[in-house]
Every structure is written in structure tokens, then in C-alpha cells.
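A.B. asks: structural data only, the sequence is not supplied:
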């Protein structure tokens, strides 16, 4: 029986298992500390109203978040003439999450206001090996996060490329639409 191909696959599998152990060790000895120190430095230097949270409930699945906090949204539900309930707003977070295989996934959790629609699902930005995560990469992710928060805050449906009126925007074919609906 010829096992050359199978043996190659087994060797590759064993290498991946060794990588997982190596990535987890690097997370503990370097990566987690790098993420914490860089995000704290960004908060301090940029005077960003945020904090760093460490998620360590599960060893091997730890995470570090840059959290923008929660606050009163400025929106109230009127319960009766004299009573109103403030809706709470989560300002979003950037999460560096250790995966089951020791690699690191980077996520944006978008802002949302409780009771106003469904929160936008988190967006995964990238999966990296621990040795790929450098200070400049963390800074790039924070910049993207701030860009996304700014877009969320400045929401305006007029800026949608599929909306608008004028000769720079395609107009619906009303004759064709009317024919379809007959």
C-alpha cells in the first residue's frame, strides 16, 4: 500500500498542531501585551475616550478590546406624561480575539442603541498569525475602526451610491417597471 500522499497530509497536520501551540505561547508571552500597550498608548496620545478590556475567561481563547464605552443615547421612550426611559447606547469596540488555533481575528463591533432596530453584526477585518501583528498593523486597525465609527455617526442616506436624483444618477425605467407590474 502506497502511503506517500497520506504521510504528507499527516506531516502537514502535525505541523499545524505545533503551530497552534506556538501561537498560543506567543499570545501569552508577547502578543497580548503588545495589543494592550499599543492600544493604551493610542488612547493616551490621541486623547481617545476609550478603555482597554482583557477577556480572559477562557485560556486559549482570550481577547483584548478597545472599548468606546456606553452612555445615555439622548433618546427617551415616553412611558407616560411624567415618566420617560433613557435608551442606552453602546459606542462600539475593536476586538483582537485569539482563535481556537492560536491565530488572531480582528473584529469591529459597531455602535447601537438599545431598542432601536437590530444591532449591525460585527465585522471581521482579518485573521493574523501572532508574528504578523505589529504596532503599525494595530494602528491601522484602530484607524479603520475610527473611520467606521465616524461613518456610523454621520449616517446619511443621501451619501448612498444607489440613491439620489439628477443626471449623474441612473434613473429607473418607469415604462419597464409599469409593464412588469401589469
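C.D. replies: Received the coordinates, thanks. Nothing here was measured: the structure is a model prediction, and the numbers come from that model. Numbering: from 1, shown residues only.

A.B. asks: now do the same contact list for residue 63.
C.D. replies: 54, 55, 95, 96, 97, 98 (CB atoms under 8 Å, 6 or more residues apart in numbering). To be clear about C-beta, it is placed using only N, CA and C from the backbone, and glycine gets the same treatment.

A.B. asks: let's see that with 6 Å instead.
C.D. replies: By CB atoms under 6 Å, 6 or more residues apart in numbering, the residues touching residue 63 are 55, 95, 97.

A.B. asks: out of those, who has the most neighbours?
C.D. replies: Counting neighbours by other CB atoms under 10 Å, the top entry in these is residue 95, with 22 neighbours.

A.B. asks: and it, helix, strand or coil?
C.D. replies: Following DSSP: H, G, I helix; E, B strand; the rest coil, we place residue 95 in the strand state.

A.B. asks: coming back round to it: CSV for the contacts of residue 63, including distance to residue 69 and pLDDT?
C.D. replies: Listed next are the contacts of residue 63 as CSV, based on distance: CB to CB, whole Å; pLDDT from 0 to 100:
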residue, distance to residue 69, pLDDT
55, 16, 96
95, 15, 98
97, 19, 97
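
A.B. asks: now, among these, which is nearest to residue 73?
C.D. replies: Among those, residue 95 lies closest to residue 73 (CB to CB), at 22.0 Å.

A.B. asks: ok, that closest one touching residue 65?
C.D. replies: Yes. Contact criterion CB atoms under 6 Å: residue 95 and residue 65 qualify, at 4.8 Å.

A.B. asks: gap between the most centrally placed residue in the chain and residue 66?
C.D. replies: By CA atoms, centre = their mean, the chain has its centre lying nearest to residue 108, at 1.2 Å. Noted for residue 108: a distance of 10 Å to residue 66, by CB to CB, to the nearest Å.

A.B. asks: which neighbours do those two share?
C.D. replies: Residues touching both residue 108 and residue 66 by CB under 6 Å, 6+ apart: residue 94.
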